[in-house]
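> this one's structure only:
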């Protein structure tokens, strides 16, 4: 698998990306851009299934997990609006180990409170070793989904607490009473996917993540592009991309950037191109798409919409 680093474009200055992600920080405080995500909570098996048989695909670099997984079978163009995050993903493509990002630190701080709600390491290890979804669902309700857990989630996921870490544009994507919503998403996942075969469950509850095993002998490549998704797509050849996965970059983006991005997707789309879009909220705002959130093992997403790129554009009118 080849890995190519492409420098920023020297052409005309692109339009400003009106999105909270351009700050390179989760919070409102200004400063140097940082690594936000040391790992991704996006189940690349969704993309593998949607893009099966496709050629060139486009994705958000983030921590590199999805780009590297897809590169086993596809030519991948991966971009990130945060050059620090992009460089981290590129280094991982060259074999560098995981690092800890700001989002990972916030999640680790929450995990340190688990003993206070009665979640011991042994209890979680037993739960995460289970393979029978009916048994683990019963275990969840009997031992983990307690009154103390639910109240703790309501507090930790309250706007007052989250505002200390995340900016207002990012928080705007979340549903009210997000703690309750997140409890429901955890129950949804644990009732459908065997924990022992779900690396995202272990990463979320224990903070442990296996290094990604990438088959370097198989085809594909990754080209890393510095810039926001719309600008990078606008620079690609028309009709040259067969699959797009945009993470949740529309969470925290303006309506203007949303439309610009989707028109850039349409321009770059080959015939029959597919698009995957996630959101922490209840809906991506694109109706009549398939929702694959129940198939995504990573627990956190409110909706994972899957449709042809043409369908997404038709919603814009």
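Arrived safely, thanks for sending. Keep in mind it's a predicted model, so treat the numbers as computed, not measured.
> right, and residue 137 touches residue 193 too?
No. If you go by CB atoms under 8 Å, residue 137 and residue 193 don't touch, sitting 10.7 Å apart. The C-beta positions use only the backbone N, C-alpha and C, and glycine is treated the same way.
> More neighbours: which of the two?
Per other CB atoms under 10 Å, whichever of residue 137 and residue 193 has more neighbours is residue 193, with 21 against 16.
> what's near enough to touch the more buried one?
Taking CB atoms under 8 Å, 6 or more residues apart in numbering, we find residue 193 in contact with 133, 201, 297.
> Work out for me the element the last one sits within.
What that stands for is residue 297. Taking DSSP states H and E as the definition, residue 297 sits outside all helices and strands.
> quick thing: my sequence starts at 673, can you match it?
Yes, from this point I'll number from 673; that puts the last item at residue 969.
> for the chain, what spans make up the strands?
Ranges of strands in the chain, per DSSP state E, are 674-678, 729-732, 747-752, 893-898, 913-917, 941-951, 962-963, 975-980.
> now those as JSON lines including mean pLDDT, distance to residue 789 and mean neighbour count?
As requested, the strands of the chain are exported to JSON lines (pLDDT from 0 to 100; distance: least, CB to CB, whole Å; neighbours: other CB atoms under 10 Å):
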{"stretch": "strand 674-678", "mean pLDDT": "50", "distance to residue 789": "43", "mean neighbour count": "15"}
{"stretch": "strand 729-732", "mean pLDDT": "98", "distance to residue 789": "33", "mean neighbour count": "29"}
{"stretch": "strand 747-752", "mean pLDDT": "98", "distance to residue 789": "35", "mean neighbour count": "26"}
{"stretch": "strand 893-898", "mean pLDDT": "95", "distance to residue 789": "40", "mean neighbour count": "21"}
{"stretch": "strand 913-917", "mean pLDDT": "98", "distance to residue 789": "34", "mean neighbour count": "25"}
{"stretch": "strand 941-951", "mean pLDDT": "97", "distance to residue 789": "28", "mean neighbour count": "21"}
{"stretch": "strand 962-963", "mean pLDDT": "95", "distance to residue 789": "30", "mean neighbour count": "14"}
{"stretch": "strand 975-980", "mean pLDDT": "96", "distance to residue 789": "28", "mean neighbour count": "20"}
